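Engineer: Sequence first, then the predicted structure:
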Amino acid sequence: MRPQDLGIGKLFENVRDAVIVAEARTGRIVLWNPAATEVFGYSPSEALEGLNVEALVPERLKERHRAGLSRYYDTGHGPYIDSYAVLDLPAVRKGGEEVRVELSLSPIEPIRDLGTDGTFVLAIARDVTERRRVEEALRESEESFRALAQNTMDLVAVQRADNTLSYVSPSVKHLLGYEQEEMVGRVAADYIHPEDLEWAWEKFYEMLQTPGISEPVVIRYLHKDGSWRCFESICNNRMEDPAVRGLVFNCRDITERKRAEEEIKKLNEKLEGRVAERTARLEAALAELKERERGLREEKERYQAVVEQAGEGIFLLDPRTKRILESNPAFRRMFGYGEEEMRGITLYHLVPQDPEGVDRKVERALEQGHLLVGEREYRRKDGSLVNVEVSGGVISYGGEEVMCSVVRDVTERKRSEKAMREVREAERNRMARDLHDGALQDLTYALAEAQILKLLSEDSSLNERLDQQIEALRRTERGLRSAVYDLLPAGAEDRPLPERLETLVEESRRMSPGCDIRSEVEEGFPSAP
């Protein structure tokens, strides 16, 4: 069969729709134009050399396809062929890919001279796969848009190029008090605040010329109750979208947010005032603090100068490690250490003979808050000992409690005190000798003379007076002898008895220059009375 046999000639080759002629009884393809190759992927030779039209039918529809051809072959009629209806059906390409086609079927009058029974069917197919995909996407987009608009809490509105509203979402009732029907078809400008209207028009025409999504803008809209509500609006230009054909506005009610922002602004102004006031106070306090710091710095410098120039040794002690943390020049001179050497010195170096005593005194000082050791011996670097007087207390140093001690060298004072004691002892000895050798001896002789006179006297009245004098002399002798013993240095009364007797004889000779007084002590004479 040739196209000319059907009277379509050049039209068969140039038409953009696929044109296929198949035998009704067998389904064998007898005509196949170039457009059919584009739609189904088979070359003309492949199609005309045994390809059955059933190869173009999806597996799930093949039974229906066979039944329809058989009915048409048997009866010469078919519901789709007779009606010339345009069918939207799936078809299968050469590689198995399924496409969507619009198909119209029509009968061909029997042609007996072609050597067949003449029962053929003409099929004209158009590939609408892409169009259906676009339509489906458009439908889904429209459904999604409508579902979103119907359920969103924000106000969604579509505004046409003539400024009328073609759609408002149901949320308009909650947000502005209107029913949807009240706003659809109205001019959007009817609901915009007069102060916002001019620049809103400018934005509207600007957005008409600009595809895509705009920056958010704030516009006041009229509520049905007469109040104005603030909305933050974002516009999406969907003029080219067949499903929309307008500017889509998504509007969020920010009235409360704006009110809160105003409140925050007022609070910020108050806060700024308070901050300024507090800042002034802080600046004043800072100035005062700086002045105090300056005073403390000067006081520290004065203290440092006093410590550095002090004649007494001053040092800081870590009570836990007993390490000397700091010391002044007088302390280092006193014990013969350099400044660097002192960094490794502990209190045990100065008092090596009594480490337990050091620990006890430091612990007691921490408990009582002060230290009063008194006099003791410290060891110098060269090993010599020096008498010192130590006092101190607990202070804060670097956030820790440390001991601050003052050390005075009392070696010279001790030497002076010893010399003074020796002078006093010598003076006591001299006074004791003078009393013993002078006054006491005179008193002894006077007592002896009074006793001799009493023995020689026969006058009772004289004897009575002599008894009184003798008793008075004895009392005086006892008191004077006691005073002499008190003045004598310790151990003087412990001298041997012969030595003491010789002293008495010498004193008697001195007092009686005209008498010859001798003493003889035999060997074995006791040394103590």
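Structural biologist: Arrived safely. Everything quoted here is computed from the prediction, not taken from an experiment.

Engineer: CA atoms for contacts and neighbours, from now on please.
Structural biologist: OK.

Engineer: Which positions in stretch 311-325 come out as buried?
Structural biologist: Using 16 or more other CA atoms under 10 Å as the test for burial, stretch 311-325 gives 311-319, 322-325.

Engineer: Same question for stretch 73-84.
Structural biologist: Neighbour-count burial for stretch 73-84 [16+ other CA under 10 Å]: 73, 77, 78, 81.

Engineer: Turn the buried residues of stretch 311-325 into TSV, columns for secondary structure, pLDDT and distance to residue 218.
Structural biologist: TSV is the format used below for the buried residues of stretch 311-325 (DSSP: H, G, I helix; E, B strand; the rest coil; pLDDT from 0 to 100; distance: CA to CA, whole Å):
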residue	secondary structure	pLDDT	distance to residue 218
311	coil	77	82
312	coil	85	82
313	strand	87	80
314	strand	89	77
315	strand	87	75
316	strand	89	72
317	strand	85	73
318	coil	89	71
319	coil	85	72
322	coil	87	75
323	strand	90	74
324	strand	90	74
325	strand	87	71
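
Engineer: Filter the buried residues of stretch 73-84 down to just the ones in helices.
Structural biologist: Among the buried residues of stretch 73-84, the members falling in helices are 73, 81 (criterion: DSSP state H).

Engineer: which of the buried residues of stretch 73-84 lies closest to residue 366?
Structural biologist: Using CA to CA, residue 81 is the member of those that lies nearest residue 366, at 118.2 Å.

Engineer: Tell me where the stretch 201-350 of the chain has strands.
Structural biologist: 212-213, 217-222, 228-238, 246-253, 313-317, 324-327 (DSSP state E, counting those that start in this stretch).

Engineer: In CSV: those, plus distance to residue 177.
Structural biologist: Listed next are the strands of the stretch 201-350 of the chain as CSV, based on distance: least, CA to CA, whole Å:
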stretch, distance to residue 177
strand 212-213, 27
strand 217-222, 10
strand 228-238, 11
strand 246-253, 13
strand 313-317, 84
strand 324-327, 83
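
Engineer: Dump the one helix or strand residue 431 maps to to PDB, restricted to CA.
Structural biologist: Using DSSP states H and E, residue 431 falls within helix 411-434. Extracted C-alpha coordinates of helix 411-434, given in PDB (Å, rounded to 0.1, in the frame of the first residue of the first chain):
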ATOM      1  CA  THR A 411      74.000  41.100 120.400                       C
ATOM      2  CA  GLU A 412      75.300  44.500 121.500                       C
ATOM      3  CA  ARG A 413      72.500  45.000 123.900                       C
ATOM      4  CA  LYS A 414      73.200  41.500 125.400                       C
ATOM      5  CA  ARG A 415      76.800  42.400 125.700                       C
ATOM      6  CA  SER A 416      76.000  45.800 127.400                       C
ATOM      7  CA  GLU A 417      73.600  44.100 129.800                       C
ATOM      8  CA  LYS A 418      76.200  41.600 130.700                       C
ATOM      9  CA  ALA A 419      78.800  44.300 131.400                       C
ATOM     10  CA  MET A 420      76.200  46.200 133.500                       C
ATOM     11  CA  ARG A 421      75.500  43.100 135.500                       C
ATOM     12  CA  GLU A 422      79.200  42.700 136.200                       C
ATOM     13  CA  VAL A 423      79.500  46.300 137.300                       C
ATOM     14  CA  ARG A 424      76.600  45.900 139.600                       C
ATOM     15  CA  GLU A 425      78.000  42.700 141.100                       C
ATOM     16  CA  ALA A 426      81.300  44.400 141.700                       C
ATOM     17  CA  GLU A 427      79.600  47.300 143.400                       C
ATOM     18  CA  ARG A 428      77.600  45.000 145.500                       C
ATOM     19  CA  ASN A 429      80.700  43.100 146.500                       C
ATOM     20  CA  ARG A 430      82.500  46.400 147.400                       C
ATOM     21  CA  MET A 431      79.500  47.600 149.500                       C
ATOM     22  CA  ALA A 432      79.300  44.200 151.200                       C
ATOM     23  CA  ARG A 433      83.000  44.200 152.100                       C
ATOM     24  CA  ASP A 434      82.800  47.800 153.400                       C
END
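
Engineer: Give me the buried positions along stretch 238-249.
Structural biologist: Neighbour counts over stretch 238-249 (16+ other CA under 10 Å) mark 238, 239, 244, 245, 246, 247, 248, 249 as buried.

Engineer: Next, give phi and psi for the nearest residue to residue 308 once chain neighbours are set aside.
Structural biologist: Leaving aside its sequence neighbours, residue 308 sits nearest to residue 328 (CA to CA, 6 or more residues apart in numbering; 5.4 Å). Residue 328 adopts backbone torsions of phi -90, psi 170, taken as degrees, to the nearest 10.

Engineer: Pretty sure residue 328 sits against residue 307.
Structural biologist: Yes - the pair residue 328 / residue 307 is scored as a contact, 6.3 Å apart, by CA atoms under 8 Å.

Engineer: Mean pLDDT per helix and strand in this structure: which one sits at the bottom?
Structural biologist: helix 3-6 (a mean of 56; mean pLDDT, DSSP states H and E).

Engineer: contacting residues around stretch 83-91?
Structural biologist: Stretch 83-91 is contacted from outside by 56, 57, 58, 98, 99, 100, 101, 102, 103, 104, 105, 106, using CA atoms under 8 Å, 6 or more residues apart in numbering.

Engineer: Shouldn't residue 381 be within a strand?
Structural biologist: No - in this structure, residue 381 is coil, not part of a strand, as judged by DSSP: H, G, I helix; E, B strand; the rest coil.

Engineer: need the contact list for it.
Structural biologist: With CA under 8 Å, 6+ apart, residue 381 has these contacts: 335, 336, 337.

Engineer: sorry, back to before: now, among the buried residues of stretch 73-84, which is nearest to residue 172?
Structural biologist: residue 81 (52.4 Å).
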